[in-house]
Each structure stands twice: as C-alpha cells, then as structure tokens.
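A.B. asks: missing the sequence, but the structure's below:
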C-alpha cells in the first residue's frame, strides 16, 4: 500500500511541476499569436525583427529592413517588441 501511495504522490508532484506549467505556457502563446495585429513590431524564433504587414489564418507577412517582406507561420512569432525597434523610414 505504501508503494502505491508513493507512486501517486510522485505523479501528483510531476503534474504540478512539469505538465501544468507547460500547459499554461502553451495557452499564453496561443493567446498571444491570436492577438497579433498589423503594425506590431515582433521578433521571430529565428531572431528576425520586423513589422507585421499582413495576417492570414496561419501565416503572417512581416516587413524587414529595406522593405523586404517575409511570409511565415504564426507559430514562428516569438514576442512583441513594441517600440523597441527604431523606425528607419
């Protein structure tokens, strides 16, 4: 009986320290990606800085330096950098 109780306690600890925080992070990332808007300045997971010019269902077009445009998946957007990126225009 003690072994079963010990395994149950380990599973509960594993859930609260590993699975639950990952699920919360995943929900926050999905909410962020759903709230993307044109004109936002963002950074991709590859480190590319740019400004969102077009948004489709699963893709985003960002404008980088010298007016070049890149089309990528929404899942590639890592964070919003707001006004940290200087306007070169």
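C.D. replies: Thanks, I have the structure now. What you see is a predicted model, and the numbers here were worked out from it, not measured in a lab. Numbers count the residues shown, from 1 in each chain.
A.B. asks: residue boundaries of the strands in this structure?
C.D. replies: Along the chain, the stretches classed as strands by DSSP state E are 41-44, 49-55, 59-63, 69-73, 77-80.
A.B. asks: for the longest one, which residues meet the burial criterion?
C.D. replies: What it means is strand 49-55. Buried positions in strand 49-55, judged by neighbour count with 16 or more other CB atoms under 10 Å: 50-52. C-beta coordinates here come from the backbone N, C-alpha and C atoms, glycine included.
A.B. asks: likewise for stretch 32-41?
C.D. replies: For stretch 32-41, by 16+ other CB under 10 Å, it's 33, 40-41.
A.B. asks: by contact count, what packs against the longest helix seen in the chain?
C.D. replies: If each helix of the chain is counted by residues according to DSSP state H, the longest one is helix 20-34. Counting contacts by 3 or more CB pairs under 8 Å, 6 or more residues apart in numbering; DSSP states H and E, helix 20-34 packs against strand 77-80.
A.B. asks: partner strands of the strand it packs on, with direction?
C.D. replies: According to DSSP bridges, strand 77-80 forms sheet pairs with strand 41-44 (antiparallel).
A.B. asks: distance from stretch 28-44 to the middle of the chain?
C.D. replies: Chain-centre distance of stretch 28-44: 7 Å, with CA atoms, centre = their mean, to the nearest Å.
A.B. asks: how about stretch 61-77?
C.D. replies: Chain-centre distance of stretch 61-77: 15 Å, with CA atoms, centre = their mean.
A.B. asks: what does that stretch contact?
C.D. replies: When contacts are defined by CB atoms under 8 Å, 6 or more residues apart in numbering, stretch 61-77 is touched by residues 32-33, 36, 42-46, 48-55, 58-60, 88.
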